[in-house]
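**Q** how would this look folded up:
(4 chains)
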4 protein chains.
Amino acid sequence: MDKIRVSLLGSTGMVGQKMIKLLATHPFLELTKVSASPSKIGRKYQEAVKWVEGGEIPESVRDLRIVSTNPEDHKDVDVVLSALPNELAEDVELKLVREGKVVVSNASPFRMDPDVPLINPEINWEHLELLKTQRSKRGWKGLLVKNPNCTASILSMPFKYILKNLKMDKVIITTLQAVSGAGYNGLSFMSIENNVIPYIKGEEEKIPKEMNKMLGSLKEDSIVPAGIDATVTSTRVPTKVGHMGVVNVITEEGKVEEIKKALSSFRSLPQERGLPTAPAKPIVLHEAEDRPQPEIDLKTGNGMEVHVGRFRFENGVLRFVVLGDNLVRGAAGITILTVELMKELGYI
Amino acid sequence: MDKIRVSLLGSTGMVGQKMIKLLATHPFLELTKVSASPSKIGRKYQEAVKWVEGGEIPESVRDLRIVSTNPEDHKDVDVVLSALPNELAEDVELKLVREGKVVVSNASPFRMDPDVPLINPEINWEHLELLKTQRSKRGWKGLLVKNPNCTASILSMPFKYILKNLKMDKVIITTLQAVSGAGYNGLSFMSIENNVIPYIKGEEEKIPKEMNKMLGSLKEDSIVPAGIDATVTSTRVPTKVGHMGVVNVITEEGKVEEIKKALSSFRSLPQERGLPTAPAKPIVLHEAEDRPQPEIDLKTGNGMEVHVGRFRFENGVLRFVVLGDNLVRGAAGITILTVELMKELGYI
Amino acid sequence: MDKIRVSLLGSTGMVGQKMIKLLATHPFLELTKVSASPSKIGRKYQEAVKWVEGGEIPESVRDLRIVSTNPEDHKDVDVVLSALPNELAEDVELKLVREGKVVVSNASPFRMDPDVPLINPEINWEHLELLKTQRSKRGWKGLLVKNPNCTASILSMPFKYILKNLKMDKVIITTLQAVSGAGYNGLSFMSIENNVIPYIKGEEEKIPKEMNKMLGSLKEDSIVPAGIDATVTSTRVPTKVGHMGVVNVITEEGKVEEIKKALSSFRSLPQERGLPTAPAKPIVLHEAEDRPQPEIDLKTGNGMEVHVGRFRFENGVLRFVVLGDNLVRGAAGITILTVELMKELGYI
Amino acid sequence: MDKIRVSLLGSTGMVGQKMIKLLATHPFLELTKVSASPSKIGRKYQEAVKWVEGGEIPESVRDLRIVSTNPEDHKDVDVVLSALPNELAEDVELKLVREGKVVVSNASPFRMDPDVPLINPEINWEHLELLKTQRSKRGWKGLLVKNPNCTASILSMPFKYILKNLKMDKVIITTLQAVSGAGYNGLSFMSIENNVIPYIKGEEEKIPKEMNKMLGSLKEDSIVPAGIDATVTSTRVPTKVGHMGVVNVITEEGKVEEIKKALSSFRSLPQERGLPTAPAKPIVLHEAEDRPQPEIDLKTGNGMEVHVGRFRFENGVLRFVVLGDNLVRGAAGITILTVELMKELGYI
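**A** Below you'll find the model as predicted:
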């Protein structure tokens, strides 16, 4: 099989490095171009990057020369992956898509556009059909596919089943999010060590909106949002990796055992088709009362698992805890799995 | 004025040390006896303690000899303060009360007994009246007064006003609690550093029960619980001091501005009477969207303030964040303020 | 007594905030002007600052309007304190001194200039005499006095006695420095949490040079360096405040008991004259084998103490550990004590 | 090839868990028995352990029943690995060796006994010859081999070359050691978070003694110690894994480039024979001035590498920094590599 050639925007950032690591041993994706900020163009990757991912820079990437984000620098690749900062992504990605590139992106612009699929592969692979609308409505020669906000990626996983099987009134969520979610230099040690900051700019609005789009249903040429009435409070805690959500669903019936069983055996198209980055078990159920924990549970598997635990139904409230790796399920891994999915379904 | 002589059980623990510091400059409480575990009896305090409070051991305490918890060792004191571990408190405190001591205690046993006042001074000073019932029903020669669980002490503060002024349906709370809440040796560095543990044994039951007792109303010889329908999830985060609660109240009316104004100007008997350990402002309102934060806000005042912020009413949910010093408002300070209150009201 | 009016450059930084706190209750220094970066000029201090010092902004400063660093904005003050970043200090301070201001500064430029006193008050108050040379040699209308690098301030303290009383061959020092030494935003959480970085730019050269200048002797119009042959390795550890040095002196005689006794009773001019910011005991000796520790020992006193412990002489090596508060003894406090000293000695 | 059957003492501790992980995929060692404290005997491993290693418990071990440390419980194994706490090891190991078992142990008792090899495979594999003396002098039916203290294992690596090629006068070492070195429950969060403790019981004596034994030469039936005149100060820093040493060698010639080249290309018998747990490069040289760092460099390779950097020769002092994984090179991995070595050389 011919490999699919991909390029990577934002390749020297933390999420970019994670993608490079995941791509290094990929069976059919080949990273052939790396892009970074203008001052780094022309330098070898290993000289342009402050490598913090741990382990060594994969050999195949070390000597790649940094290219720009201009379409001409991405001519001979099949897919452009984007780990760009949100504030830079809009213009760059638009230009690439207009010039014919298939762009799969982690950045926030366009996520809520009606004809742009917002893909969490196990949850809404069928939303890729929106690309037909996108193609017909926009004058773009290429395609634009988005991945959700890191917390929304993780939190949405258990809801696919719950949404269909539980009559939910309100959903109240408190998140405890790791510092890497703000980027490598996002928070200073002095500001967050031994501290909790009960606020993360933008998260409380994005999370419910993106969850409702992902979990919505495709009706003709658009998505009908799922209608989950979620209220989110996002807090930053002094941990490096792993976003946790404490979820409370106001509901008449708890169905705890049924839900636990269903989540634990949850499989979707990526599992059925054996996509390389798809985790065998997308949702890992924990029965121990003090789990899941980032330091223990995120080291299992390839980082694409979402962990759930602490199920309890009492007094009209179903409570559970969700945990996932914000850099893998929440960013680098989900993008790569999306490309695998697009290939599997013939979009590339 | 004659000083009130107090003794302290559990004097070498973290809460005990905090009490010693607060008592060192107290205008009318004089610490004359310190008690600790049997192996330390007879040693000088400064030799028996691993002092971790910071600063130096107050001079008046350094050379006190550790005594036992037996009533004969507390004969010539007016009040016994207890910072005993929960598992030791029951027998020891009972014995002291039976033999005629006034015991004011932080430990959990007896907290929910109907004739034992559970005092958070600003909230329910009038519950001290239960002591009359206690005196008549129990054969005790002394008196037993309890202080609430550290998280309940902090969370209950804003509810006194809210309870009376808002029609609340459910209340959903997630707590982010500091490690000191488990005691100095409660959690190992390896278990909690860079981690979150979404569970604290016993907390999720204690918090709503104790809040409802504190906020309840005194009817004849017992307390009618407040009836707040609260669901709590308690998590442990890697910080040293400061318990935070994210509170969501399901309610039809938000009354955000009214509540903020009322909390910000909240005063109660301890303030009116100028009790020495009463904070001038028991509730500090923060308007900045990223506050309150433990590392910044707990250094203000004397540790007895409770900080609130992040008020929002949206879609039938009133959300706010509460933060307090678990060692002072949650333990050492509340006990001392309770003694001050009992003196003010003539109970000692 | 008339108060001395001071202005403060770099007033919104971490060291600036610390100075503001120390000045708030000062008996004879009155902060009347605060300066910060151009974008903040004209705003009220409380609106221009991200206050992280803990506690509240002192009332006397809250409403001061931020001024520039230009001499005309500092006309009616007696002394300008500088907590400027090193890279901005040179031009700004020079201009102020030329226009007649007395500048006492923490920033690194000019520290090693032969006619600029580098003052650690207890160590080398007599070096202020250099100001005569400075006045005569430079065409400055004002005066420039520098304070040393934070680590050098702390490490130099025990050497005043040791230098005179021990024949030292080499001195080998490893420092373990807190993150605040790099400024509030100096290191990201992701880069230093759970990590050690065995390098701090510039420190390994500055520390021995500045120690030798401070501990040197005034001969006519210049300083003869002390000649300590010190080799320094500086490491950054994940703590917030407190720089520690592990010192090994190659020497034939250890004189451990004699040195411990002398350091423990060390007093200097600031103590004799009762300067307000001078600690009663400039050097605190710890006999416990696991001390000094930043989390316990830096909370004692006013932050101007230097802690020493772990003395051992074995096999031709005298080893001890030194610890101090890098923001107080290492920066904000030493500057204020220097102004007090200059007033005491008639320089202002 | 028949597999070598091994049992493991102390299997539920942190080092025990690390060994289990390393053994799970081992080509010729098969873990057939796991032992733990008496209260756990008879339970399945997965029920007896609090698994903190990350990832899942290897399937082959999950259902093994915990056995005692008595020889009869280890009858059908070829080698007993010991990750016992130091205070329990002496009696247990002695009994096993007397009854004929080959014991390879991480625990400290017997390490300095003249006829007990203290093995760091790359450094002193030839010291296994001591086993002949051991066999003839002691009445033991089995064999006892020890691995060194974790810090000594790491620090000794670069010294094999340096010892032979540099005339060293004194060596001054400061270590910055991670909390895992004290065991999973060794230090509480409250005691070490945001702190440095400049003391670790026993380390400062063990490190130079063990280094000198490992680096010593085998003369007839005993080891002549290497004679390195090392002075060590051990500090505990708030990191989870990774012991660092700052090494200063007083020497007339620095030979920096020669040493860097030699260390970087260092290979020994374990590499030549391709032992499975031997790292390809036992010593990794870092040229970047801010390396090695635990959070970045210990994720490379299999944890058996020792990292060196910051070489500088100035003023009669050769300075460099050493870093290694205290749980792998310092404990679990070195034990397994020792067994591989013993098999290779025919001792088992």
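**Q** verify the stated contact: residue A:174 with residue A:231.
**A** No - the criterion here is CB atoms under 8 Å, and residue A:174 misses it with residue A:231 at 9.5 Å. Backbone N, C-alpha and C define where each C-beta goes, glycine included.
**Q** which bits of the stretch 1-150 of chain A sit near chain D?
**A** A:51-56 (CB under 8 Å from any CB of the partner chain).
**Q** distance between the helix ranked longest in chain A and the chain's centre?
**A** Counting by DSSP state H, the longest helix found in chain A is helix A:150-165. Centroid separation for helix A:150-165 versus its chain: 13 Å, with CA atoms, centre = their mean, to the nearest Å.
**Q** go on, stretch A:326-337?
**A** 4 Å.
**Q** could you give me the average pLDDT of it?
**A** For stretch A:326-337, the mean pLDDT works out to 98.
**Q** indicate whether it makes contact with chain C.
**A** No - Stretch A:326-337 lies out of reach of chain C by CB under 8 Å from any CB, never closer than 10.9 Å.
**Q** hey, C-alpha coordinates of that stretch in CSV?
**A** Only the C-alpha atoms of stretch A:326-337 are listed here, as CSV (Å, rounded to 0.1, in the frame of the first residue of the first chain):
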residue,chain,number,x,y,z
ASN,A,326,-5.6,15.8,26.9
LEU,A,327,-2.5,15.6,24.6
VAL,A,328,-3.4,12.3,23.0
ARG,A,329,-7.2,11.7,23.0
GLY,A,330,-7.6,15.4,23.4
ALA,A,331,-5.3,16.5,20.6
ALA,A,332,-2.5,14.7,18.8
GLY,A,333,-4.1,11.2,18.8
ILE,A,334,-7.5,12.2,17.8
THR,A,335,-6.2,14.0,14.7
ILE,A,336,-4.3,11.1,13.5
LEU,A,337,-7.2,8.7,14.2
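**Q** quick one on the thing from earlier: quick one: which of residue A:174 and residue A:231 has more around it?
**A** residue A:174 (28 against 23; other CB atoms under 10 Å in any protein chain shown).
**Q** just grab the bridge partners of the more buried one for me.
**A** residue A:233, residue A:246 (DSSP bridges).
**Q** could I get the pLDDT score of it?
**A** 98.
**Q** also the one 4 residues further on?
**A** The pLDDT attached to residue A:178 in the predicted structure is 98.
**Q** repeat that for residue A:300.
**A** pLDDT, read off for residue A:300, is 81.
**Q** which parts of chain A sit against chain B?
**A** A:170, A:172, A:174, A:176, A:193-199, A:229, A:231, A:233, A:235, A:237-240, A:242, A:244, A:246, A:248, A:250, A:289-296, A:309-310, A:314-317, A:319, A:321.
**Q** can you name the residue of the stretch 1-150 of chain A nearest to chain D?
**A** residue A:54 (2.9 Å; CB to the nearest CB).
**Q** what count of nearby residues applies to that residue?
**A** Neighbour tally, residue A:54, other CB under 10 Å: 13.
**Q** before we move on, what about the one 10 residues further on?
**A** Applying other CB under 10 Å, we find 20 residues neighbouring residue A:64.
**Q** correct me if wrong: it contacts residue A:35.
**A** No - assessed by CB under 8 Å, residue A:64 is found out of contact with residue A:35, at 10.1 Å.
**Q** any residues in contact with both of the two?
**A** Residues touching both residue A:64 and residue A:35 (CB atoms under 8 Å, 6 or more residues apart in numbering or on different chains): none.
**Q** stretch A:9-16 and chain C, any residue contact?
**A** Yes - using CB under 8 Å from any CB, stretch A:9-16 reaches chain C at residue A:14.
**Q** got the end-to-end distance for that stretch?
**A** For stretch A:9-16, the first-to-last residue distance is 8 Å (CA to CA, to the nearest Å).
**Q** likewise for stretch A:276-286?
**A** Stretch A:276-286 end-to-end distance (CA to CA) = 25 Å.
**Q** quick one: is that stretch near chain D?
**A** No - applying CB under 8 Å from any CB, one finds stretch A:276-286 out of contact with chain D, separated by at least 9.8 Å.
**Q** got the buried residues for that stretch?
**A** A:277-279, A:281-286 (16 or more other CB atoms under 10 Å in any protein chain shown).
**Q** check stretch A:208-222 too.
**A** Under 16+ other CB under 10 Å, the buried positions of stretch A:208-222 are A:208-216, A:218.
**Q** what does stretch A:105-124 give?
**A** A:105-112, A:115-124.
**Q** wait, a helix at residue A:133?
**A** Yes - judged by DSSP: H, G, I helix; E, B strand; the rest coil, residue A:133 forms part of a helix.
**Q** give me the subset of the residues of chain A next to chain B lying in helices.
**A** A:294-296.
**Q** could I get the residues you listed as TSV with pLDDT, neighbour count and distance to residue A:47?
**A** TSV is the format used below for these (pLDDT from 0 to 100; neighbours: other CB atoms under 10 Å in any protein chain shown; distance: CB to CB, whole Å):
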residue	pLDDT	neighbour count	distance to residue A:47
A:294	97	26	33
A:295	95	22	33
A:296	94	22	37
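**Q** nearest to chain B, of the residues you listed?
**A** Distances from chain B to these, taken by CB to the nearest CB, are shortest for residue A:295, at 3.9 Å.
**Q** what sits against the residue nearest to the closest one when sequence neighbours are not counted?
**A** Among residues not flanking residue A:295 along the chain, residue B:195 sits closest, at 3.9 Å (CB to CB, 6 or more residues apart in numbering or on different chains). Going by CB under 8 Å, 6+ apart, residue B:195 touches A:239, A:293-296, B:238.
**Q** nearest to chain C, of the residues you listed?
**A** Distances from chain C to the contacts of residue B:195, taken by CB to the nearest CB, are shortest for residue A:239, at 8.6 Å.
**Q** tell me, how many residues neighbour that closest one?
**A** 27.
**Q** what sits closest to it if chain neighbours are left out?
**A** The shortest distance from residue A:239 to any non-neighbouring residue, by CB to CB, 6+ apart, is to residue A:178 (4.6 Å).
**Q** can you list the buried residues in stretch A:299-315?
**A** A:300-301, A:303-313.
**Q** now, which of these lie within strands?
**A** Counting by DSSP state E, the part of those found in strands is A:306-313.
**Q** and the two most separated of the residues of the stretch 1-150 of chain A next to chain D?
**A** A:52 and A:56 (12.2 Å; CB to CB).
**Q** for chain C, what are the nearby residues on the stretch 151-300 of chain A?
**A** A:179-180, A:184-194, A:238, A:240.
**Q** out of the residues you listed, which touch chain D?
**A** Checking those against chain D (CB under 8 Å from any CB), the matches are A:193-194.
**Q** so how do I select the buried members of the residues of the stretch 151-300 of chain A next to chain C in ChimeraX?
**A** In ChimeraX syntax, the buried subset of those is picked out as below (16+ other CB under 10 Å):
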select /A:179,180,184,186,187,188,189,190,191,192,193,194,238,240
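**Q** just the ones of the residues of the stretch 151-300 of chain A next to chain C in strands?
**A** The strands, defined by DSSP E, take in nothing from these.
**Q** between the residues of the stretch 151-300 of chain A next to chain C, which is nearest residue B:134?
**A** Checking these one by one against residue B:134 (CB to CB), the nearest turns out to be residue A:194, at 41.3 Å.
**Q** contacting residues for the closest one?
**A** Here residue A:194 is in contact with A:238, B:238-240, B:294-295, C:240, D:193-194 (criterion: CB under 8 Å, 6+ apart).
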